[in-house]
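Asks: Attaching a predicted model along with its sequence, questions to come.
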Amino acid sequence: MFPVKDDKKYVGLDVYEEGAVIKALNEMRTKQLAEGKPTDVENELILKIIHTPTRKARIRDEAR
């Protein structure tokens, strides 16, 4: 059988969208903690988003 390649998706977020995603993940994490459930996934995603480097967006010229 062939090895499975990990597919990755990239999403462009502006500052406000990034903040909204982090806030939603943190609220989910808080709920999980209150229920006594593990928060490993939420922790990893929050850190991944916070430490992701920024890139300048490419602007396409639609007239071409």
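Replies: Yep, that arrived.

Asks: what's downstream of the helix ranked longest in the chain, the next helix or strand?
Replies: Determined from DSSP state H, the single longest helix within the chain is helix 15-34. Downstream of helix 15-34, the first helix or strand assigned by DSSP states H and E is helix 40-50.

Asks: hang on, the earlier thing: other SSEs contacting the longest helix of the chain?
Replies: helix 40-50 (3 or more Cβ pairs under 8 Å, 6 or more residues apart in numbering; DSSP states H and E). For glycine as for every other residue, the C-beta is placed from the backbone atoms N, C-alpha and C.

Asks: Can you name the residues that contact the residue nearest to the spatial centre of the chain?
Replies: For the chain, I49 is the residue whose C-alpha lies nearest the centre (Cα atoms, centre = their mean; 4.8 Å). For I49, the contacting residues are 18, 21-22, 25, by Cβ atoms under 8 Å, 6 or more residues apart in numbering.

Asks: how close does it get to A34?
Replies: Note on I49: its distance to A34, by Cβ to Cβ, to the nearest Å, is 22 Å.

Asks: Name the spans of the protein whose pLDDT lies under the cut-off.
Replies: Counting by pLDDT under 70, the chain shows low-confidence ranges at 1-3, 61-64.

Asks: Now do the buried residues in stretch 8-20.
Replies: Buried residues in stretch 8-20, defined by neighbour count with 16 or more other Cβ atoms under 10 Å: none.

Asks: Export it to PDB, keeping only CA atoms.
Replies: Output of stretch 8-20 as PDB, limited to C-alpha atoms (Å, rounded to 0.1, in the frame of the first residue of the first chain):
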ATOM      1  CA  LYS A   8      -2.300  20.600   4.500                       C
ATOM      2  CA  LYS A   9      -4.600  23.500   3.900                       C
ATOM      3  CA  TYR A  10      -3.600  27.200   4.100                       C
ATOM      4  CA  VAL A  11      -6.100  29.900   5.100                       C
ATOM      5  CA  GLY A  12      -5.400  33.600   4.800                       C
ATOM      6  CA  LEU A  13      -6.700  35.500   7.800                       C
ATOM      7  CA  ASP A  14      -6.500  39.200   8.600                       C
ATOM      8  CA  VAL A  15      -5.800  40.400  12.100                       C
ATOM      9  CA  TYR A  16      -9.500  40.500  13.100                       C
ATOM     10  CA  GLU A  17     -10.300  37.000  11.700                       C
ATOM     11  CA  GLU A  18      -7.200  35.600  13.500                       C
ATOM     12  CA  GLY A  19      -8.500  37.100  16.700                       C
ATOM     13  CA  ALA A  20     -11.900  35.700  16.200                       C
END
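
Asks: Cool, thanks, talk later.
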